[in-house]
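Asks: next come a sequence and a model predicted from it.
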Amino acid sequence: MFKLEARNVNLYYGEKHALKNISIGIDPNTVTAFIGPSGCGKSTFLRCFNRMNDLIDNVKITGDILIDGKNVYKSKIDVDEHRKKIGMVFQKPNPFPKSIYENVIYGLRINGINNKQVLDETVERSLKQAALWEEVKDDLKKSALSLSGGQQQRLCIARAMAVEPSVILMDEPASALDPISTSKIEDLIYELKSKYTIVIVTHNMQQAARISDKTAFFYLGELIEYNQTATMFTNPDKEQTQNYITGRFG
Amino acid sequence: MSNSQLNRLKDLAFKIFAIFCTSVGLIVLVVLLYVVISQGLSRIDWDFITNLPSRSAERSGIYTALFGMIWVLVLTILISFPVGVCAGIYLQEYGKKGFLTNFIEINISNLAGVPSIIYGILGLELFGRLLHLGNSILAGSLTLSLLILPLIIVSTREAVKAVPKSLREASYGLGATKWQTIWNVVLPSSFGGIMTGLILAISRAIGETAPLIVVGALVYVPFVPSSPMDEFTVLPSQIFNWVTRPQAGFVTNAAAAIIILLTFTFMMNGIAVIIRNRFNKKTKF
């Protein structure tokens, strides 16, 4: 069974038809990269999986989005319960203006977990998973805003993992970072694959090639091609994919 | 003269004009402070603050007016702060964009510009007569609350609006509900702005005389109020009364009371600045 699945998803921003009849299946414990030129709908599609598009006015979605075979737009659970199972990391690091510690346990606090021991353990485990523990273990009370951009982004990843989701969505997580921070994030994604299903939107073709198992190419709201990354980058089916990957447009 | 020389001359001319405009405001303030302080400063002593009002200027004090003002202010804050902040949050976070929201928005902006005497008449009719609160502190505070609610609502909305979308998304992404997001992320990040708005609104309330006179703030109150239902007077009313007296001694009293009122207002504004700076430093996004 697919971990995440989309069936004939259409999305409209008011009059604009932003996603056109997209179907895709994502296997558990894999890294899937969404690539495509700006405005092709890849971020919008990513945000369908945790219903982040609900926050925008005038959005209409048809079709089915399934996680573990359950329809997220029709199931009885509330949207906030649903989002707890799916972590999200955004393009720009967005730590809360709180301490590092409080940032990591935010998801636990809102679930009413206040047991000091559980919180401490979660902070250590999550920060270790995010490869940030060694750098901040003595400064957990310091404001998260005092960290560098790359550290902030790893903190955001730790924060997303603290609630133990099974899926992590990443929306261009390294686009605001320097090459060293980027490579740390990429190593991290590679390691996290064993525990999580990861979907990553990226503008960086090399990044997609380096870290993903499968790649999906979007263009003008349509899913043009979806295949094993190795195949996509060496021998794509469609000419559009070939042109985009070799840098002839986009 | 070349073109660039001419441009530099224009530049200088504008700079001088701008300095002139700035100094007009400052000079007026300095003259006002000078006149008031030279007249009233020598009158201020501990007796002036602790004496009850009296027929003779020398024995009069502002004790009742000062305490009346503090009573009114505390009650006004207690009433207007929760209502105003909640209304601002509702309009900004929950209100659906549409005809009704626009209508309410325009009306609130308009209400902020309604002359205060009109609020006084509304307060007199609504609180004084309909609700039988008479000319009590409570009636005065409710009236002042109405007066400053639009200011608090508008500043709360602005502060809440300034919280970046990325922070909200981070919270929603972790499975927080709307209320959890507002309580844990939006309010702490906008608290500095909300407090600044509140304190500036309160400073406005301190200076208001007209609505309180209409509601029935008395001038001669020989006792310090001990409950919200007591009659009261406030410092501006007391000043207004003293200024209208023919004896020179009362004018000195008025100047002294103005100094105390100004000190109070400056202190409030100072606190607003401190709070804003402190929270802005903590919540830089």
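Replies: Happy to help now that I have it.

Asks: ramachandran angles for the residue of chain A at minimum distance from chain B?
Replies: Closest residue of chain A to chain B, Cβ to the nearest Cβ: residue A:84 (3.3 Å). Where you see a C-beta, it was placed from the backbone N, CA and C, and this is true even at glycine. When quoted as degrees, to the nearest 10, the phi and psi of residue A:84 stand at phi -70, psi -20.

Asks: go on, the one 3 residues further on?
Replies: Here the main-chain torsion angles of residue A:87 (degrees, to the nearest 10) amount to phi -80, psi 150.

Asks: dig out what it forms beta bridges with.
Replies: residue A:168 (DSSP bridges).

Asks: who's in contact with it?
Replies: Neighbouring residues of residue A:87 by Cβ atoms under 8 Å, 6 or more residues apart in numbering or on different chains: A:157, A:160-161, A:163, A:165, A:167-169, A:196, B:173-174.

Asks: which helix or strand contains residue A:11?
Replies: Per DSSP states H and E, residue A:11 falls inside strand A:4-13.

Asks: give me the distance between that strand and the centre of its chain.
Replies: How far strand A:4-13 lies from its chain's middle: 17 Å, per Cα atoms, centre = their mean, to the nearest Å.

Asks: over to stretch B:91-101?
Replies: When C-alpha coordinates are averaged (Cα atoms, centre = their mean), stretch B:91-101 and its chain have centres 27 Å apart.

Asks: check the separation of the first and last residues in that stretch.
Replies: Length of stretch B:91-101, first residue to last, Cα to Cα, to the nearest Å: 7 Å.

Asks: with just CA atoms, put stretch A:68-76 into PDB.
Replies: Extracted in PDB, the C-alpha atoms of stretch A:68-76 (Å, rounded to 0.1, in the frame of the first residue of the first chain):
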ATOM      1  CA  ASP A  68      -2.300   5.100   4.900                       C
ATOM      2  CA  GLY A  69      -5.300   4.500   2.800                       C
ATOM      3  CA  LYS A  70      -7.500   7.000   4.600                       C
ATOM      4  CA  ASN A  71      -8.900  10.000   2.900                       C
ATOM      5  CA  VAL A  72      -7.700  13.100   4.600                       C
ATOM      6  CA  TYR A  73     -10.300  15.400   3.200                       C
ATOM      7  CA  LYS A  74     -13.200  13.100   4.000                       C
ATOM      8  CA  SER A  75     -12.200  11.200   7.100                       C
ATOM      9  CA  LYS A  76     -13.800  12.000  10.400                       C
END
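
Asks: ok, and what's touching it?
Replies: A:1-3, A:5, A:49-51, A:61, A:64-66, A:82, A:166.

Asks: which one of these is nearest to residue B:211?
Replies: residue A:51 (48.9 Å; Cβ to Cβ).

Asks: excluding sequence neighbours, find me the nearest residue to that closest one.
Replies: Excluding its sequence neighbours, the residue lying closest to residue A:51 (Cβ to Cβ, 6 or more residues apart in numbering or on different chains) is residue A:79, at 5.1 Å.

Asks: surely the one you found and residue A:53 touch.
Replies: No. In this structure, residue A:79 is not within contact of residue A:53 by Cβ atoms under 8 Å, at 10.9 Å.

Asks: spatially nearest residue to whichever residue of chain B sits closest to chain A (excluding sequence neighbours)?
Replies: For chain B and chain A, the shortest gap (Cβ to the nearest Cβ) falls at residue B:175, measuring 3.3 Å. With sequence-adjacent residues excluded and distances taken as Cβ to Cβ, 6+ apart, residue B:175 is closest to residue A:84, at 3.3 Å.

Asks: equivalent analysis for residue A:232, please.
Replies: Spatially, and ignoring its direct neighbours in sequence, residue A:232 is nearest to residue A:215 (4.5 Å; Cβ to Cβ, 6+ apart).

Asks: assumed the one you found was part of a strand.
Replies: Yes. Remark: residue A:215 belongs to a strand, assigned using DSSP: H, G, I helix; E, B strand; the rest coil.

Asks: which residues touch it?
Replies: The contact partners of residue A:215, taken as Cβ under 8 Å, 6+ apart, are A:32-35, A:208-209, A:226-229, A:232-233.

Asks: and the residue of chain A closest to chain B, how many neighbours?
Replies: Neighbour count of residue A:84, defined by other Cβ atoms under 10 Å in any protein chain shown: 20.

Asks: check the gap between it and residue A:113 for me.
Replies: Between residue A:84 and residue A:113 the distance is 12 Å, computed by Cβ to Cβ, to the nearest Å.

Asks: neighbours of residue B:105, how many?
Replies: Residue B:105, neighbours per other Cβ under 10 Å, totals 15.

Asks: how far away is it from residue B:155?
Replies: Here residue B:105 is placed at a distance of 14 Å from residue B:155 (Cβ to Cβ).

Asks: now swap in residue A:163 and tell me
Replies: Taking Cβ to Cβ, one finds residue A:163 at 35 Å from residue B:155.

Asks: same check on residue B:259?
Replies: Distance, residue B:259 to residue B:155, by Cβ to Cβ: 28 Å.

Asks: where does pLDDT dip in the stretch 151-285 of chain B?
Replies: Within the stretch 151-285 of chain B, the ranges that satisfy pLDDT under 70 run B:218-219, B:280-285.

Asks: show me which residues of it are close to chain A?
Replies: Residues of the stretch 151-285 of chain B lying near chain A by Cβ under 8 Å from any Cβ of the partner chain: B:164, B:166-177, B:180, B:184-185, B:188-189, B:282-285.

Asks: now, of those residues, which are buried?
Replies: The neighbour-count test (16 or more other Cβ atoms under 10 Å in any protein chain shown) marks B:167-177, B:180, B:184-185, B:188-189, B:283 as buried among these.

Asks: so of these, which ones are in helices?
Replies: B:167-173, B:180, B:188-189 (DSSP state H).

Asks: between those residues, which is nearest residue B:74?
Replies: Closest approach to residue B:74 among these (Cβ to Cβ): residue B:188, at 24.8 Å.

Asks: isn't that closest one up against residue A:97?
Replies: Yes. In this structure, residue B:188 is within contact of residue A:97 by Cβ under 8 Å, at 7.2 Å.

Asks: list the contacts of residue A:62.
Replies: Residue A:62 neighbours (Cβ under 8 Å, 6+ apart): A:8-11.

Asks: report the beta-bridge partners for it.
Replies: With DSSP bridges as the criterion, residue A:62 is bridged to residue A:10.

Asks: distance of it from residue A:222?
Replies: 15 Å.

Asks: OK, contacts around the residue lying closest to residue A:66 once chain neighbours are set aside?
Replies: Excluding the flanking residues, the one nearest residue A:66 by Cβ to Cβ, 6+ apart is residue A:5, at 4.3 Å. By Cβ under 8 Å, 6+ apart, the residues touching residue A:5 are A:24-26, A:64-67, A:69.

Asks: likewise for residue A:18?
Replies: Here residue A:18 is in contact with A:11-12, A:41, A:44, A:221 (Cβ under 8 Å, 6+ apart).

Asks: just the buried ones out of those residues, please.
Replies: Neighbour counting with 16+ other Cβ under 10 Å marks A:11, A:41, A:44, A:221 as buried within the contacts of residue A:18.

Asks: for chain A, what spans make up the strands?
Replies: A:4-13, A:16-26, A:31-35, A:59-67, A:70-71, A:86-89, A:167-171, A:197-201, A:214-219, A:222-228 (DSSP state E).

Asks: what about the shortest one, distance to the chain center?
Replies: Using Cα atoms, centre = their mean, the distance from the centre of strand A:70-71 to the centre of the chain it belongs to is 19 Å.

Asks: neighbouring strands for it, and are they parallel or not?
Replies: If you go by DSSP bridges, strand A:70-71 pairs up with strand A:59-67 (antiparallel).

Asks: any idea how far the strand it pairs with is from the chain center?
Replies: Strand A:59-67 has its C-alpha centroid displaced from the chain centroid by 17 Å (Cα atoms, centre = their mean).
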